[in-house]
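Q: Take this sequence and fold it.
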Amino acid sequence: MTSSDHKRSGLPDPMLAALLALGACVFFACLSATVKHLSTELHGFAIAFWRNLFGFVFMIPWLWRHGLGSLRTGRFGTYLFRSGLSVISMMCGFTALAYMPIANATSLSFTAPLFATILAALVLKEKVRLRRWSATLLGFAGVMIVLQPGSTGIGLGEILVIGSAFLTATVSVIVKTLSRSESSQAIVTYMVLLSTPLALGPALFHWDWPSLAAWPYVVALGLFGTLGHLCWTRAFAMADASAIVPYDYSRLIFTTGIGIIWFGENPDHWFWIGSAVIIAAGLYIAQREAFLRGSRGTKAVAMQASAESAQPGIGADVNAPKNSSQGDVPR
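A: Numbers count the residues shown, from 1 in each chain. Modelled structure (predicted):
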């Protein structure tokens, strides 16, 4: 989006878009922290249900404003499959936070663009050249540095969060196929409407009612997710996706700070080295894709980014029709 575009559209300065993106990442980090706090009392599956339920409640004004007239589709099965994978991704990511530090979970969630690159080549038959393959391999090397499999081993939390990132990448590929024939509004609306009932079934197998003290945190799940999604969406509407996506990595700073202050976590130097490698690879892939594709569909990206609040399901939901580079952790 050029400066002349801003003048014609009356949009604020791009600096506001950057601040909104950072604000979104703060909300997503708070969502991750809330999930981790609740994981001492509730199973991750139940937390995912409550997050979807209250997320739906806070999205009702948006649904009321846009209506349901755009829901005519011949691809309901694809919507259902996509929403199911998103819910599973969220459940994996939320459950992972009960077993591992919040900062490590956030770092590993950034593997979503690495998986997305592989899936785009295999499923969508996109051309991925040597430089992006090299960045992908470098990113997975960073994963191994964070995991340090030879020291403490790879635990359930690590497996779950990487699985969540893979599912997030898979969803991004499905969204790309949907965006060829479906409106971004329909993609968002179906995600909102289907997630809560899909999350209820698995949650019932691990059901516990929240305690009285936990209810404010349960409501905050939907509030943080919705506010984060609104800020993220607005940021995409004000600036090119290639300028906004890199801010998602600021979540690592925010979640690490929360982890140190709230949960007493103390990331070691290998965590920082590995995270830097993963982020560098992800940034290169995002910028390279933006360069090859050019800036297109920014508003569609913004609409879709709003739909995914699944981080690990721990991240800023950025499964956009235009860009398959980001992922879901408690956002």
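Q: Going by C-alpha atoms from here, please, whenever you check contacts or count neighbours.
A: Fine.
Q: buried stuff in stretch 182-199?
A: Of all the residues in stretch 182-199, those buried under the rule 16 or more other Cα atoms under 10 Å are 182-196, 198-199.
Q: Could you tell me which of those belong to strands?
A: Using DSSP state E, no member of the buried residues of stretch 182-199 falls in strands.
Q: Which other helices and strands does the helix or strand that contains Phe236 contact?
A: According to DSSP states H and E, Phe236 maps onto helix 215-238. Judged by 3 or more Cα pairs under 8 Å, 6 or more residues apart in numbering; DSSP states H and E, the packing partners of helix 215-238 are helix 14-38, helix 44-66, helix 298-307.
Q: mean confidence score for the shortest one?
A: When pLDDT is averaged over helix 298-307, the result is 44.
Q: What of stretch 116-134?
A: 89.
Q: starting at the chain centroid, how far to it?
A: In terms of Cα atoms, centre = their mean, to the nearest Å, the centre of stretch 116-134 is set 20 Å apart from its chain centre.
Q: For the residue lying closest to Thr40 once chain neighbours are set aside, the count of nearby residues, please.
A: Distances taken as Cα to Cα, 6 or more residues apart in numbering place Ala98 nearest to Thr40, at 7.1 Å, with adjacent residues excluded. Residues near Ala98, counting by other Cα atoms under 10 Å, number 21.
Q: List the contacts of Ala98.
A: Ala98 sits next to 36, 39-40, 44, 157 when contact means Cα atoms under 8 Å, 6 or more residues apart in numbering.
Q: Weed out the non-buried ones from these.
A: 36, 39, 44, 157.
Q: circling back to that earlier point, how close does the residue nearest to Thr40 sit to Leu122?
A: As judged by Cα to Cα, to the nearest Å, Ala98 and Leu122 stand 33 Å apart.
Q: Repeat that for Leu108.
A: From Leu108 across to Leu122, the span is 22 Å (Cα to Cα).
Q: ditto for Phe224
A: Using Cα to Cα, we find Phe224 at a distance of 35 Å from Leu122.
Q: more neighbours, the two?
A: More crowded of Phe224 and Leu122, by other Cα under 10 Å: Phe224, with 27 against 12.
Q: before we move on, which element is the spatially closest residue to Ala46 that is not a sequence neighbour in?
A: Nearest non-adjacent residue to Ala46, counting by Cα to Cα, 6+ apart: Ala203, 4.5 Å away. Using DSSP H and E, Ala203 sits in helix 184-204.
Q: same question, Ile244
A: Secondary structure assignment for Ile244, by DSSP H and E: helix 241-244.
Q: Who are the packing partners of that helix?
A: If contacts are counted by 3+ Cα pairs under 8 Å, 6+ apart, helix 241-244 sits against helix 14-38, helix 269-293.
Q: Show me what the first one is packed against.
A: What that stands for is helix 14-38. helix 44-66, helix 76-96, helix 102-109, helix 215-238, helix 241-244, helix 251-263.
Q: Out of those helices, which one sits most buried?
A: Each of the helices and strands packed on helix 14-38 was assessed for mean neighbour count using mean count of other Cα atoms under 10 Å. The highest is helix 102-109, with a mean of 29.
Q: Quick check: mean pLDDT of that helix?
A: For helix 102-109, the mean pLDDT works out to 94.
Q: pull the CA atoms of it into CSV?
A: Extracted in CSV, the C-alpha atoms of helix 102-109 (Å, rounded to 0.1, in the frame of the first residue of the first chain):
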residue,chain,number,x,y,z
ILE,A,102,5.5,-20.6,27.5
ALA,A,103,8.5,-19.0,25.7
ASN,A,104,9.6,-22.4,24.2
ALA,A,105,6.1,-23.1,23.0
THR,A,106,6.0,-19.7,21.3
SER,A,107,9.4,-20.3,19.7
LEU,A,108,8.5,-23.7,18.3
SER,A,109,5.1,-22.4,17.0
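Q: what is the orientation angle of that helix with helix 76-96?
A: 150 degrees (axes from the mean of the first three to the mean of the last three Cα atoms, to 10 degrees).
Q: Residue numbering should commence at 25 henceforth.
A: Happy to do that; since the first residue is 25 now, the last one works out to helix 126-133.
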